[in-house]
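build the 3D model from these lines:
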Amino acid sequence: MYYGFDIGGTKIAFAVYDGALNLCHEERMSTPGNDYEGLQQLIRARVEQADARFGARGAVGIGFPGILNRHDHSIVAANLPSINGRHLGADLAELLARPVKVDNDANCFLWSEVHQGAAAGADSALGVTIGTGIGGAVYLAGKLIQGRNWLAGEIGHYPLPATMLMKYPDLPRPRCGCGRLVCFETYASGTGLERLYHHFHGQRASGHQIVGRFEAHEPHAVATVDCWLEIMAAGLATAISVVDPDVVVLGGGLSGLPALYEQLPLRLPGHLLPGVALPEIREARFGGAGGVRGAALLNL
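Below you'll find the model as predicted:
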């Protein structure tokens, strides 16, 4: 049995999969604030309950929004103070008396899609999650690529291509949460879409509201989404030029927008070398379950 935990700022998802990767159990619970001991005990209780229920010592995997310190493998997760700086994997391994694997939640998302998902059978894949920020992950030659600093695939934090600032000279110049200006995710994320809509049209609306207005052909939303799609194509083209994947898998809150799959193949060639064969652009099969499912499958 495979047990997965996807730890977020407010919620933790827990799921159990059998050897055939069938979902056997799932639940959600509140993240216990800045309480590391409470978090460990919560995980311990779920694991012991699952062991008893399924008559097995399940393999445990943990996904989280952050990276691992390359020197000591402690967790770097600024938005999760309860685990930031902690050796969560090692501490849980001791508490649960079994190995525990931990990885970035975007890596878990892509790992899930490699196994029976939208990237199944691909030799290489780029995973991109479009939510409050932009998450990214890289799969090559049968494994996830974390990189020296666990930063492989973090496409949200390279700068917006200068061609976009030339094409749209009145774009805002937002400061990213990482401290730098004009990071790709400050435009391409759901938050970025909201920022663009407000900047161009002076109105506040959520990403899903903007998408709804776009689908209803509201002119301001159509113009904003057109700019957003061009920015998305330019940013993805940078990653595609580096990784050259067979497939790009999109997940996250805005990944269900049909225009992404209609427009990106039309717009990407304008940002790539002439004659480049495009990767397939696919929507994630497992959607919101990808993070917890991928965490569970880290032990495959």
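
tell me where the stretch 101-250 of the chain has strands.
124-130, 134-140, 143-144, 247-251 (DSSP state E, counting those that start in this stretch).

in its sheet, what does the shortest one sit against?
So the one you mean is strand 143-144. strand 134-140 (antiparallel) (DSSP bridges).

likewise the last one?
The strands beside strand 247-251 in its sheet (DSSP bridges) come out as strand 124-130 (parallel), strand 280-283 (parallel).

how about whatever helix or strand comes next after that strand as CSV, C-alpha atoms only?
Counting by DSSP states H and E, the next helix or strand C-terminal to strand 247-251 is helix 258-267. Only the C-alpha atoms of helix 258-267 are listed here, as CSV (Å, rounded to 0.1, in the frame of the first residue of the first chain):
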residue,chain,number,x,y,z
PRO,A,258,-10.0,25.1,-23.3
ALA,A,259,-8.3,28.2,-24.8
LEU,A,260,-5.0,27.0,-23.4
TYR,A,261,-5.1,23.8,-25.5
GLU,A,262,-6.5,25.6,-28.5
GLN,A,263,-4.2,28.6,-28.5
LEU,A,264,-0.8,27.5,-27.1
PRO,A,265,0.0,25.3,-30.1
LEU,A,266,-0.8,28.3,-32.4
ARG,A,267,1.2,30.8,-30.3
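
start at 31, not 1
Okay, using 31 as the starting number, the last item reads as helix 288-297.

ok, longest helix in the protein?
As assigned by DSSP state H, the longest helix anywhere in the chain is helix 249-273.

mind listing what's buried in that helix?
Buried residues in helix 249-273, counted by 16 or more other C-beta atoms under 10 Å: 250-251, 254-255, 257-270, 273. C-beta here means a position set from N, CA and C on the backbone, and glycine is covered the same way.

before we move on, what about stretch 121-139?
121-123, 126, 128, 130-139.

residues touching the spatially closest residue to Leu98 that is not a sequence neighbour, list them.
Residue nearest to Leu98 in three dimensions, not counting chain neighbours: Trp180, with 4.8 Å by C-beta to C-beta, 6 or more residues apart in numbering. Neighbour list for Trp180: 97-98, 100, 134 [criterion: C-beta atoms under 8 Å, 6 or more residues apart in numbering].
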